[in-house]
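Asker: Model the following, please.
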Amino acid sequence: MKLRYFAWVRERIGKPEEDIEPPVDVATVAELIAWLAGRGEEYAYAFENPKVIRAAINKSHVKPDTRIAGAGEIAFFPPMTGG
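Answerer: Residues are numbered from 1 along each chain as shown. Okay, the predicted model is just below:
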């Protein structure tokens, strides 16, 4: 699956996107964030406060308990403000 990172999540990780294959026991967005946070210092920094991270699967916003099976693309971004 393709992961895309936006705003300061991208800046902290140091790349805009990557293709990954998470372990089979990673089933939800929250579990994916926890797994990513363990991949290295830059990921730990980007996902240090997972409650503020927003996610979208195939361009639809989802909750942390959403299952990731079959996802072609998952995007992560910080909270957005309007204006």
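Asker: Pull the residues that contact stretch 3-23.
Answerer: 1-2, 32, 35-36, 42-43, 45-47, 53, 68, 73-78 (Cβ atoms under 8 Å, 6 or more residues apart in numbering). Placement of C-beta: from N, CA and C, glycine included.
Asker: In PyMOL, select just the buried ones from the residues you listed.
Answerer: To isolate the buried ones among those in PyMOL, judged by 16 or more other Cβ atoms under 10 Å, type:
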select buried, resi 1+32+35+36+43+46+47+53+68+74+75+76+77+78
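Asker: Off-centre distance for the helix ranked longest in the chain?
Answerer: For the chain, the longest helix by residue count, based on DSSP state H, is helix 29-37. Its chain's C-alpha centre and that of helix 29-37 lie 7 Å apart, by Cα atoms, centre = their mean, to the nearest Å.
Asker: after it comes which helix or strand?
Answerer: helix 41-46 (DSSP states H and E).
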